[in-house]
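J.: I need the structure of the sequence given here:
(chains A and B, ligands or ions: 2)
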Amino acid sequence: MADKRIDEATGTETMGHEWDGIEELNTPLPKWWLYTFYACIAFAIGYVVVYPAIPLINGGTPGIWGWTSRGQFDKEMKAEQAERAPILAALAKTPLDQLPNDPKLMRAAIEGGAAAFKVNCVQCHGAGAAGSKGYPNLNDDDWLWGGTIDQIDYTITHGVRQAADPESHMSQMPSFGKDGILTASQIDQVVTYVQTISGQQKPSAASQAGAAIFEQNCAVCHGADGKGNQTLGAPNLTDAIWLYGGDRKDLINTVTNAHYGQMPNWGGRLDPVTIKMLAAYVHSRGGGVASPAAAPAAADAAPAGEAQ
Amino acid sequence: MNRPDPVAVDHSNEIGLYEKRKQVFPKQIDGTFRRLKWAIMAFCLLVYWGTPWIRWDRGPYAPDQAVLIDLAHRRFYMFNIEIWPQEFYFVAGLLIMAGIGLFLVTSAVGRAWCGYACPQTVWTDLFQHVDRFLDGDRNAQLRLAKAPWGPAKVARRVFKWSIYLLIAFLTGGAWIFYFADAPTLQHEFWTGQAAPVAYATVGVLTFTTFWLGGFMREQVCVYMCPWPRIQTAMLDEKSLLVTYKYWRGEPRGSVKKAEKNPDAFGDCVDCNQCVAVCPTGIDIREGTQVGCITCALCIDACDRVMGQVGRPRGLIDYTTLDDTARELRGEPHTPIRKTLFRPRTLIYFGIWAALGLGLLFMLGHRTRLDLSVAKDRNPEYVLLSSGSVRNGYTVKLRNMEDRPRKMEVTLDGLAAGSMYTDEMEATDASRKLTFEVPADETMRLRVYVTEKGPGAEGGDFSFNLRAMDKEGGTDTERTTFTTPD
Ligand code: SF4
Ligand code: SF4
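T.: Residues are numbered from 1 along each chain as shown, chains lettered A, B, ... in the order given. Ligands and ions are numbered 1, 2, ... in the order given. A predicted model of the protein is given here:
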């Protein structure tokens, strides 16, 4: 340790220590640097006082402004909701079948419905609403329980085969094979008949025999011509769309064991406006059927079907 | 071993990093270049303040402002040209042309932009005229600056700064009129109904004009502006620069001294007029320097002095480095024609003109309608109960004219296909649909194309668009049709 001295080469005071002949010059930090540093300290103290900062065992210091990220989130959500309120109010007021008369509101409903669909429906119906085996495709023109916007709204609200909701769509196809109603060869014949009316096979002796079995066992629900019945949710068997597969193996399986597809009654979980928007969105996917009042001719063109 | 050089590390005799600014009080001068500067200044200010107020009848569907940057609707109007966002390359092209134009001008006549047309120069000049108008010329201003602060000086200063503020406000205020209908915005502005961004813009621009034009002045050119650094790279030994001909002027001597000893002195009478008039406060006799904005006011000043003492004008003059060398060797100057039109300027001009012609050509050939098609990917296709296959497309019809147009969309290819929109019934499907597309709008349609099945065949096909008015116009967009296999 040497004393403080002036370094003769630079004329600067040294810090007064040396290591192996190397001395440190006393060149203090520039003033602006120091002031910036002090300002940062002052800022940090202010920050700790004002905002939540120091973690404690349960929680932490709240900060005198009482700011929380959750509070901020709530505030932003409130602002967002306030912004949307008028549209939602208008949607709540407008009956579903009046929606198409207000293209702007309809657009808003479809967009809102698309968002709600992504959260609630894509798990079963897929991101493009195209469904998959056992989950109806909502883009096609085939509807199990009807494809008018009101019918869609009803289906979403009450669901399908929900015992908890007395207004839910209910119907059950018997397990013809499992419960011993039909023998294996009878099932084989009736499946041959179904493949004939859906255009997959030419009429034959087997399909003739199947026709009689169909008449007795299936026509009640699916209709004498096999075109289905939307009131019962009975699929149209004459079209090209099959919820559980339309080839021989699948059909035999369906008749033998039956299916019991379910859909939640969203009325219990979503508010009516969201459901309305969902209905508008699903209807807009290209499969929706015009309401009978608006266009009676188009309703005829909608075959009873298998989807949903 | 070398000892460190004490001079290199001793800071005591270096010039401080921040020298105190020497305030500049440029003297009033009249002359050729001053008049040119007046004219250009008047022209620039007129263009800046006047342009938004020019009206241009565009019919009922578009704004009637000749020059309008309509950010809200993403349109750019310039007289009879209307630019859409996807045509932004026009604006980019104009900016590149402006850049190359600057190269061209700089390589020919030096920093003419700096001296005459730069907003900083124009507004600094304006504020300096205010100084002269209120405080008097250079000497009076100097006296006032030195005078102690008292009520009279405070009053004068406050008054002058309010004038600055008024000019700054008019400057900042004019900018917003380029972005909205000027008369409407003017009314909204004064009645407090304009958008917050309008007030913020006016506030920021008023402050920057007030501060940069009123107080920072030449410091912006010398310390803050990047242009001088870039422009230097475009100058060469054939560019015209304001030059003091030291070989003619030196050694300096007053008229009296020269009378006594005519052979000992050069032409400069050391009257300091060139320094007094310089808006950036430099002495051009020290040579070309970064502070010189090439405004040529010192030429005016010196020419006047030379006239008074009966010596030839042009002691300070526009001269190239080449000609400087020639003059020193006693050769004649290069003809001005050769200075202005040399390979470098001609190449810049060529690029500039080619760009301009290219833009003009594109302007003449751009279509005012547009079709774009995006195929649904999710789902790729939908099987209908009849066995037919349906694909969905998002089709956009763009009408860039300021009047509604009837357009017809037809299917080209896909022999068994027909289409309908989500606003039609599937039963009305057809191979030809017509739409009335509103003026200046993009119509977004969901179009469903159905092919009869079973056994529908996929493949490529086109949507054809045709305008059905007499101007016509077509567009085609190729896309594909997907089937289950
Ligand atoms: S030196 Fe002359 S040309 Fe340069 S800025 Fe000053 S007055 Fe203008
Ligand atoms: S104005 Fe001309 S004569 Fe006067 S000092 Fe400047 S260069 Fe010399």
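
J.: What residues does the stretch 101-250 of chain B have near ligand 2?
T.: B:Tyr244, B:Gly249 (Cβ under 6 Å from any ligand atom). Any C-beta I mention is one placed from the backbone N, CA and C, and that applies to glycine too.

J.: Can you pull the phi/psi pair for the residue in the stretch 101-250 of chain B that ligand 1 sits nearest to?
T.: Proximity of the stretch 101-250 of chain B to ligand 1 (Cβ to the nearest ligand atom) peaks at B:Val242, 4.0 Å away. When read as degrees, to the nearest 10, the backbone of B:Val242 gives phi -70, psi 120.

J.: correct me, but A:Thr157 touches A:Gly267?
T.: Yes: contact between A:Thr157 and A:Gly267 holds when scored by Cβ atoms under 8 Å: they sit 3.8 Å apart.

J.: any idea which helix or strand carries B:Gly101?
T.: helix B:89-109 (DSSP states H and E).

J.: partners of the residue of the stretch 101-250 of chain B closest to ligand 1 in the sheet?
T.: Applying DSSP bridges to B:Val242 gives these bridge partners: B:Tyr318.

J.: Tell me which residues touch it, please.
T.: Going by Cβ atoms under 8 Å, 6 or more residues apart in numbering or on different chains, B:Val242 touches B:Gly110, B:Ile284, B:Thr288, B:Cys292, B:Thr294, B:Ala296, B:Cys298, B:Ile299, B:Ile316, B:Asp317, B:Tyr318.

J.: distance of it from B:Ala296?
T.: Separation of B:Val242 from B:Ala296 (Cβ to Cβ, to the nearest Å): 6 Å.

J.: what's the overlap in contacts for the two?
T.: In contact with both B:Val242 and B:Ala296: B:Tyr318, using Cβ under 8 Å, 6+ apart.

J.: Give me the distance from the next helix or strand after the helix holding B:Gly101 to the chain's centre.
T.: Using DSSP H and E, the next helix or strand after helix B:89-109 towards the C-terminus is helix B:112. Its chain's C-alpha centre and that of helix B:112 lie 15 Å apart, by Cα atoms, centre = their mean, to the nearest Å.

J.: Name the residues of the next helix or strand after helix B:112 that are buried.
T.: Of the helices and strands lying after helix B:112 in sequence (DSSP H and E), the nearest is helix B:119-135. Buried residues in helix B:119-135, counted by 16 or more other Cβ atoms under 10 Å in any protein chain shown: B:120-128, B:130-132, B:135.

J.: which among the residues you listed gets closest to B:Cys114?
T.: Using Cβ to Cβ, B:Thr121 comes nearest to B:Cys114 of those, at 6.3 Å.

J.: How much space separates the closest one from B:Leu45?
T.: 12 Å.

J.: Please enumerate residues in contact with stretch B:195-205?
T.: Residues from elsewhere that reach stretch B:195-205 (Cβ under 8 Å, 6+ apart): B:Ala168, B:Phe169, B:Thr171, B:Gly172, B:Gly173, B:Trp175, B:Ile176, B:Ala180, B:Leu185, B:Glu188, B:Phe189.

J.: er, stretch B:71-91 actually
T.: So stretch B:71-91 is in contact with B:56, B:58, B:62-63, B:65-70, B:179, B:359, B:362-363, B:366, B:400, B:402, B:440, going by Cβ under 8 Å, 6+ apart.
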